[in-house]
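Chemist: Build the 3D model from these lines:
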Amino acid sequence: MDGEWHSSTPDGRDVVIQRRGREWLVWCGGWHALSLNLDVALMGAMRGDSGSAAHRDEADYPAWARALADKIKSAA
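Modeler: Residues are numbered from 1 along each chain as shown. Now for the predicted structure:
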């Protein structure tokens with residue numbers, strides 16, 4: 001593992017982000033997603049839960065994921 005970061009979704013769920021070589025592994029609740037693109041992994045992990053707020057359009061999750069990905073990648 002090349003690094004680990006912790007954050008929260010706009011609706012308050014904990015998010016754990018791990019860098020593993022070129023891939024990003026994101027855990028959100030009991031769901032995870034793996035991708036070469038961090039923002040894709042973030043959205044995949046959040047959307048794994050069909051009851052999550054990400055499915056109800058209560059927040060701009062794509063913008064949140066993009067901003068968080070940019071922040072983490074610049075610090076990595």
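Chemist: Longest helix in the protein, please.
Modeler: Looking across the chain with DSSP state H, the single longest helix is helix 61-75.
Chemist: So for it, what gets flagged as buried?
Modeler: Under the neighbour-count criterion of 16 or more other C-beta atoms under 10 Å, helix 61-75 has 61, 64, 65, 68, 69, 72 buried. (Glycine included, C-beta is placed from N, CA and C.)
Chemist: How about stretch 4-17?
Modeler: Quick answer for stretch 4-17 (16+ other C-beta under 10 Å): 5, 7, 9, 13, 15, 17.
Chemist: Could you tell me which of the residues you listed belong to strands?
Modeler: Counted as lying in strands by DSSP state E, out of those, are 5, 7, 15, 17.
Chemist: Quick check: bridge partners of the third one?
Modeler: Residue 15 has the following beta-bridge partners by DSSP bridges: residue 7, residue 28.
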